[in-house]
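>>> Sequence first, then the predicted structure, then my questions.
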Amino acid sequence: STVGARAAGMTGPRPVVLSGPSGAGKSTLLKKLLQEYGNIFGFSISHTTRSPRPGEENGKDYHFVTREEMQRDIDAGQFIEHAEFSGNMYGTSKAAVQAVQAMNQICVLDIDLQGVRNIKKTELQPIYISIQAPSLDILEKRLRDRKTETEESLQKRLAAAAADMESSQEPDLFDTIIINDDLDEAYSMLTKVLAEEIKKAQQSSNS
Ligand SMILES: Nc1ncnc2c1ncn2[C@@H]1O[C@H](COP(=O)(O)OP(=O)(O)OP(=O)(O)O)[C@@H](O)[C@H]1O
Ligand SMILES: Nc1nc2c(ncn2[C@@H]2O[C@H](COP(=O)(O)O)[C@@H](O)[C@H]2O)c(=O)[nH]1
């Protein structure tokens, strides 16, 4: 099994899961990571039924699909995990993870807490990192300033955020919790947590 092989040190670097409330800064940190280490890390492109935001590209940020398409593919067994979040469906397809692994890159998943719990039931064995805002008030301000949400979807996301902040304290759920107060400091924490994987990847590409 992957677990046994991993214990024996026979597999490659571990995938990385970034989770945490909407507005905590996952995409911002991920973008920085991919800018600096785009040869090492690859983003797992999820499917979602929500509409694209200005600037988001189909097949790059997400695979934007209808509920019917997504449900059909879920029923066909094409997804590793999927969840309903704030009125829309989100999910990680097997193909999304395989596409990154085929490029010999470390797969990074940006998923919600339900996704984390479901990935724990699989053999993926990633490093689990929670990104948190300093407070719910600051998170609300950041989400409002982002101007991507209606008042209704903002309220849904804030309710989910409050629950997320509490659940993330659960022992053994995350390997690391990063408080994204100052962006540069949070990013430096992230690269520190991933230093070992980055080193392994750099060594194997030099050999
Ligand atoms: N350290 C920070 N200080 C101030 N603003 C920040 C910081 N980090 C991120 N932001 C801003 O906060 C907003 C939310 O960040 P981002 O979109 O990265 O969150 P997210 O966790 O990916 O959210 P979602 O799950 O909704 O996609 C963005 O407008 C971003 O520019
Ligand atoms: N369980 C999953 N959650 C996912 C996936 N892709 C994204 N997400 C999470 O959804 C929310 C909202 O994202 P947004 O882009 O609409 O702001 C956020 O917490 C993401 O982490 C997925 O494939 N599975």
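Cool, got the structure. Ligands and ions are numbered 1, 2, ... in the order given.

>>> Now do the contacts for the one residue in the chain that gets nearest to ligand 2.
Residue nearest to ligand 2 within the chain: G115 (2.6 Å; Cβ to the nearest ligand atom). For every residue, glycine as well, the C-beta is placed using N, CA and C. Contacts for G115 (Cβ atoms under 8 Å, 6 or more residues apart in numbering) come out as 17, 19, 81, 83, 90, 92, 109.

>>> hmm, try it at 7 Å
81, 83, 92 (Cβ atoms under 7 Å, 6 or more residues apart in numbering).

>>> Let's verify the first one: helix, strand, or coil?
Recorded secondary structure, E81: strand (DSSP: H, G, I helix; E, B strand; the rest coil).

>>> burial count for it?
By other Cβ atoms under 10 Å, the residues close to E81 number 23.

>>> which residue packs closest to I131, ignoring adjacent ones?
Spatially, and ignoring its direct neighbours in sequence, I131 is nearest to G20 (3.8 Å; Cβ to Cβ, 6 or more residues apart in numbering).

>>> Touching, that neighbour and L29? I think so.
No. With contact defined as Cβ atoms under 7 Å, G20 does not reach L29; the gap is 9.6 Å.

>>> Which neighbours do those two have in common?
Residues touching both G20 and L29 comprise I131, with contact defined as Cβ under 7 Å, 6+ apart.

>>> who's more crowded, the two?
For G20 versus L29, neighbours defined as other Cβ under 10 Å are more numerous around G20 (29 against 23).

>>> Kindly state the pLDDT recorded for the more buried one?
pLDDT for G20: 97.

>>> Which parts of the chain are helices?
2-7, 26-37, 67-75, 94-102, 113-119, 136-146, 151-167, 183-193, 195-206 (DSSP state H).

>>> buried residues in the longest one?
For helix 151-167, the buried set under the neighbour-count rule, 16 or more other Cβ atoms under 10 Å, comprises 153-154, 156-158, 160-161, 164-165.

>>> For the protein, give me the ranges with low pLDDT.
For the chain, the stretches with pLDDT under 70 are 1-12, 207.

>>> interface residues of it facing ligand 1?
22-28, 142, 145-146, 180, 182-183, 186 (Cβ under 6 Å from any ligand atom).

>>> try 8 Å this time
Contact residues (Cβ under 8 Å from any ligand atom) of the chain with ligand 1: 20-31, 110, 112, 131, 133, 138, 142-143, 145-146, 148, 157, 180-183, 186.
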